[in-house]
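Participant: Requesting a structural model of the entry that follows:
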Amino acid sequence: MKRYALSAAVWVALLAPAALADTLELKDGRIIEDRKMTVKDDGILVHYVNGDLFIPKNLVGEHFAISESGEFTPRTDEEKEKFEKGFVPWKGKWIRKSKWERERKKRKEELAERAKKAKAGRKWINRLKEETANFTFEHTIPEETANEFIDLFEVYFKAFAKHWGVRRGKEPKLRVFFYHDRDYFMQRTNMPSGVLGYFKFFPLDEKELNVYNITNDREYTIDVIFHEVNHYLVNLIDPKFHYPPWVGEGLAEYYGCSKWDPKSKKLTTGHLQPGRLVIIKDEIERGERMSIADLIHMEQATGHHYTWGWALCHFLLETPKYAKKFKKFVLAMSKSRGFEKKDFHSGMLTVGPEETLKQLKKYLKVKSIDDLEKEWHAYVDKQLNVNTARGFENAARMAMRNGLLLRARRYYRKAVETGDASARAYYSYGQSLLYGKSDRKKAQEMFREAIKRAPLNAYAYMELGRLLRRDGKRKEGKRLMQLALEIEPDNESLWFRFEQDLDKS
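Facilitator: The predicted model follows:
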């Protein structure tokens, strides 16, 4: 990449370590080093060449501050008194200065080594590999982050196996490829931008799962993992059977909103999918309530299988009188000779809509599908209710992936109006305002809000800078774009946007 836009002097300034620079580890595992920092009561100010970034206290893990003399600098009377007696603070305790110097040096070296490994590990040739009881992993994410997700995979596998009685048997361990961000995921897999992850179930002996770490949104990353791994787990019921999409996507969404506690390593299911529910309630208001027959007759996967398919599976699994019967129905679809099967693809079998409806009525022991449908609709109306920022945000993302720009903007606006929207929601709302009939002024507001909530979101600085340049504020715009490159100097996607924008000027 040419990177011609910065002079050699400026480029050296961006990457050169500052004298007596500090080191900061964030709670999400990211490390900032070789930058001078100023400690504030409510956070830390990081000094970059192109501007200062404020990191709120709730995001800070560990901070190693060094004064001009290389000493700890006391800030309160209590700290001064302790310091004069030869003590300095370390991890919530006051210790002797000599020990502090040794521990600080050791920890700083550890963080520097971790940062070095994380940076090198973002290249596929340096990817880390790990094998567990049921999976093999190859990834470019930091090892500490990967370990939590790897634990999640195994706990999820065991929980589903217990719920459904499935075993891996002679199936080889599933290959999992985990990428550090969306751009690298797209580069390695050739997937379009709307794809968050996928399970490749064919050929049968080459199954694999591909996902990426969604920046600033750990919860959404976990949702995607749960969804895609569920496709694999359902596939284990019978690898040569393809479940109709209302079952396949419905179950994936049901388990996709599971909750995971990394400390206790426990997983709970049956939670709501707020984004799917927002869409369902919207369709009901428009008079587009889905029937069971229509849902099952859709043999090609559509967005309805993610929304209404989830709602139907949630109803059947969370209603005590149907839960066990529905599980038997799902297992029997592939295993029972009582189901009339038909060809699906390359030797795989499936069950058609009419046979599905007949057997569903039989296994659930209902008088009619119409009666079941009335009960289901009442459940959706009375039991499934959520009106959160997260729900509107997720619904907006789905609308954007389906090309529904105006609907996506409406959902993002509602998410923002709750006052509890994520930084990612503000950023994505800003992006949506640049398409079609654009609103650049509003987009700038959204990017600024995204930066407030996630001060290290390099993409928000880049997009805000590009907008400012187009509005005639060329110097300020370029400064913000260069700040984005300081935050993530190895991000090829940011470099592309930077050079693409300067090419047009």
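Participant: Ends of stretch 379-392, what's the gap?
Facilitator: Distance between the two ends of stretch 379-392: 21 Å, counting by Cα to Cα, to the nearest Å.
Participant: List the neighbouring strands of the longest strand along the chain plus their orientation.
Facilitator: Of all segments of type strand in the chain, defined using DSSP state E, the longest is strand 31-40. Paired neighbours of strand 31-40 in the sheet (DSSP bridges): strand 22-26 (antiparallel), strand 43-48 (antiparallel).
Participant: residue ranges of the helices in the stretch 101-250 of the chain, please?
Facilitator: 143-164, 182-189, 218-237, 245-256 (DSSP state H, counting those that start in this stretch).
Participant: what comes up buried for the shortest one?
Facilitator: Neighbour-count burial for helix 182-189, with 16 or more other Cβ atoms under 10 Å as criterion, is recorded at 182, 183, 184, 185, 186, 189. C-beta coordinates here come from the backbone N, C-alpha and C atoms, glycine included.
Participant: can you check the first one too?
Facilitator: Of the residues in helix 143-164, those scored as buried under the neighbour-count criterion (16+ other Cβ under 10 Å) are 145, 146, 149, 150, 152, 153, 155, 156, 157, 159, 160.
Participant: Please compute how far it lies from its chain's middle.
Facilitator: 16 Å (Cα atoms, centre = their mean, to the nearest Å).
Participant: ok, now the second one?
Facilitator: Distance, stretch centre to chain centre, for helix 182-189: 14 Å (Cα atoms, centre = their mean).
Participant: cool, and stretch 462-472?
Facilitator: With Cα atoms, centre = their mean, you get 27 Å for stretch 462-472.
Participant: so where is this structure shaky, pLDDT-wise?
Facilitator: Low-confidence segments of the chain (pLDDT under 70): 1-21, 64-73, 91-92, 204, 503-505.
Participant: returning to that earlier point: can you lay out the helices of the stretch 101-250 of the chain as CSV showing distance to residue 430?
Facilitator: Below are these laid out as CSV (distance: least, Cβ to Cβ, whole Å):
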stretch, distance to residue 430
helix 143-164, 27
helix 182-189, 17
helix 218-237, 18
helix 245-256, 27
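Participant: Looking at the ones you listed, which is nearest to residue 437?
Facilitator: Of all these, helix 182-189 sits nearest to residue 437, with 26.4 Å by Cβ to Cβ.
Participant: could you dump that closest one to CSV, C-alpha only?
Facilitator: Only the C-alpha atoms of helix 182-189 are listed here, as CSV (Å, rounded to 0.1, in the frame of the first residue of the first chain):
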residue,chain,number,x,y,z
ARG,A,182,-15.0,-7.9,9.9
ASP,A,183,-12.6,-6.7,7.2
TYR,A,184,-10.2,-9.6,7.8
PHE,A,185,-13.2,-12.0,7.9
MET,A,186,-14.4,-10.8,4.5
GLN,A,187,-10.9,-10.9,3.1
ARG,A,188,-10.3,-14.5,4.1
THR,A,189,-13.8,-15.9,3.4
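Participant: elements contacting it?
Facilitator: Judged by 3 or more Cβ pairs under 8 Å, 6 or more residues apart in numbering; DSSP states H and E, the packing partners of helix 182-189 are strand 174-179, strand 208-212.
Participant: That one to strand 174-179, inter-axis angle?
Facilitator: Per axes from the mean of the first three to the mean of the last three Cα atoms, to 10 degrees, the angle that helix 182-189 makes with strand 174-179 is 130 degrees.
Participant: which SSE is the residue nearest to residue 449 when sequence neighbours are not counted in?
Facilitator: Counting by Cβ to Cβ, 6 or more residues apart in numbering, residue 449 lies nearest to residue 426, which is 4.4 Å off, once chain neighbours are set aside. For residue 426, the host element (DSSP states H and E) is helix 423-432.
Participant: Report the inter-axis angle for that helix versus helix 218-237.
Facilitator: Interaxial angle, helix 423-432 versus helix 218-237 (the same axes, to 10 degrees): 90 degrees.
Participant: From the rest of the structure, what touches helix 423-432?
Facilitator: Residues outside helix 423-432 that contact it (Cβ atoms under 8 Å, 6 or more residues apart in numbering): 214-217, 220, 389, 392-393, 396-397, 400, 405, 408-409, 412-413, 415-416, 442-447, 449-454, 457, 459-460, 463.
Participant: Equivalent analysis for stretch 258-270, please.
Facilitator: With Cβ under 8 Å, 6+ apart as the test, stretch 258-270 has contacts from 148, 151-152, 155-156, 159, 163, 222, 226, 254-255, 271, 314, 317-318.
Participant: hmm, 10 Å instead?
Facilitator: Contact with stretch 258-270 is made by 147-149, 151-152, 154-156, 158-160, 163, 218-219, 222-223, 225-227, 230, 254-257, 271, 314, 317-318, 323, as judged by Cβ atoms under 10 Å, 6 or more residues apart in numbering.
Participant: ditto for stretch 362-376
Facilitator: Against stretch 362-376 from outside (Cβ under 10 Å, 6+ apart): 289-293, 295-296, 308, 311-312, 314-316, 319, 321-322, 325-333, 336, 338, 357-358, 360-361.
Participant: Mind checking which of those residues are buried?
Facilitator: Here, 16+ other Cβ under 10 Å leaves 290, 292, 295-296, 308, 311-312, 314-316, 319, 322, 325-327, 329-333, 360-361 buried among these.
Participant: Show me how far stretch 449-458 is from its chain's centre.
Facilitator: In terms of Cα atoms, centre = their mean, the centre of stretch 449-458 is found 16 Å from the chain centre.
Participant: end-to-end on that stretch?
Facilitator: 13 Å.
Participant: Okay, buried residues for that stretch please.
Facilitator: 449, 450, 451, 453, 454, 455, 456, 457, 458.
Participant: Go through the residues you listed and name the one nearest residue 140.
Facilitator: Within the buried residues of stretch 449-458, proximity to residue 140 (Cβ to Cβ) peaks at residue 458, which comes in at 17.5 Å.
Participant: on that earlier part again, any chance of the buried residues of helix 182-189 in JSON lines with distance to residue 57 as columns?
Facilitator: Listed next are those as JSON lines, based on distance: Cβ to Cβ, whole Å:
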{"residue": "182", "distance to residue 57": "29"}
{"residue": "183", "distance to residue 57": "30"}
{"residue": "184", "distance to residue 57": "31"}
{"residue": "185", "distance to residue 57": "32"}
{"residue": "186", "distance to residue 57": "35"}
{"residue": "189", "distance to residue 57": "38"}
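Participant: Buried ones among the contacts of helix 423-432?
Facilitator: Of the contacts of helix 423-432, these count as buried by 16+ other Cβ under 10 Å: 214-217, 220, 389, 392-393, 396-397, 400, 408-409, 412-413, 415-416, 443-447, 449-451, 453-454, 457, 459-460, 463.
Participant: Which members of those residues occur in helices, if any?
Facilitator: 220, 389, 392-393, 396-397, 400, 408-409, 412-413, 415-416, 443-447, 449-451, 453, 459-460, 463 (DSSP state H).
Participant: Not counting sequence-adjacent ones, nearest residue to the residue most central in space within the chain?
Facilitator: In the chain, the centroid-proximal residue (Cα atoms, centre = their mean) is residue 221; its distance is 2.6 Å. Nearest non-adjacent residue to residue 221, counting by Cβ to Cβ, 6+ apart: residue 214, 4.5 Å away.
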